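> Sequence plus the predicted model coming up.
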Amino acid sequence: MIRVTGRISLDEAELQEDFLRASGPGGQNVNKLETAVQLRFAAMASPNLPEAVKVRLATLAGRRMTKDGVLVITAQRHRTRERNREDALERLLDLIREAATPPPPPRRETKPSRAARARRVDEKTRRGATKRLRGRHSED
């Protein structure tokens, strides 16, 4: 079991890894080694995720989630397969942790007080007077 948060753990059997050739420069091994990792996690079918977390995860994942509810993460930043595996897993866990945090409460709109409105108008009047005094004076 992979521990995600205090309440959420994932079974390693739920994760599927595929290896493919990474794009970009790679020297002599570019066409020989499959170092990129494609990590697949059937999030919507997972019994270990609460329903609310599944919904937020689908929103956060965006295009990385397929229509079937499978989350696909591709990692090819590093040169070795092992580092890319760790990177993909860490990115998956970060995404699930972010989905597991509850959203902040909605903001309640407030009105400025009467005194605050009066201070604002007074300040605007003073500022306008200052600017008016900067203008050219006509000679009488």
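All right, it came through fine.

> So which residues of this protein form helices?
51-61, 81-100, 114-134 (DSSP state H).

> roughly how far is the longest one from the heart of the chain?
So that's helix 114-134. 43 Å (CA atoms, centre = their mean, to the nearest Å).

> Next: the shortest one.
Distance, stretch centre to chain centre, for helix 51-61: 12 Å (CA atoms, centre = their mean).

> okay, and for this structure, where does confidence drop off?
In the predicted model of the chain, residues 2-6, 9, 11, 22, 24-32, 139-140 satisfy pLDDT under 70.

> Quick check: which of the helices of the chain is nearest to L10?
Nearest to L10, of all the helices of the chain, is helix 81-100, at 7.7 Å by CB to CB. Every C-beta, even on glycine, is put in place using the N, C-alpha and C of the backbone.

> How about the residue nearest the centre of the chain: what's its closest non-neighbour residue?
By CA atoms, centre = their mean, the mean C-alpha position of the chain lies nearest to L60, the distance being 6.3 Å. Leaving aside its chain neighbours, L60 sits nearest to A99 (5.5 Å; criterion: CB to CB, 6 or more residues apart in numbering).
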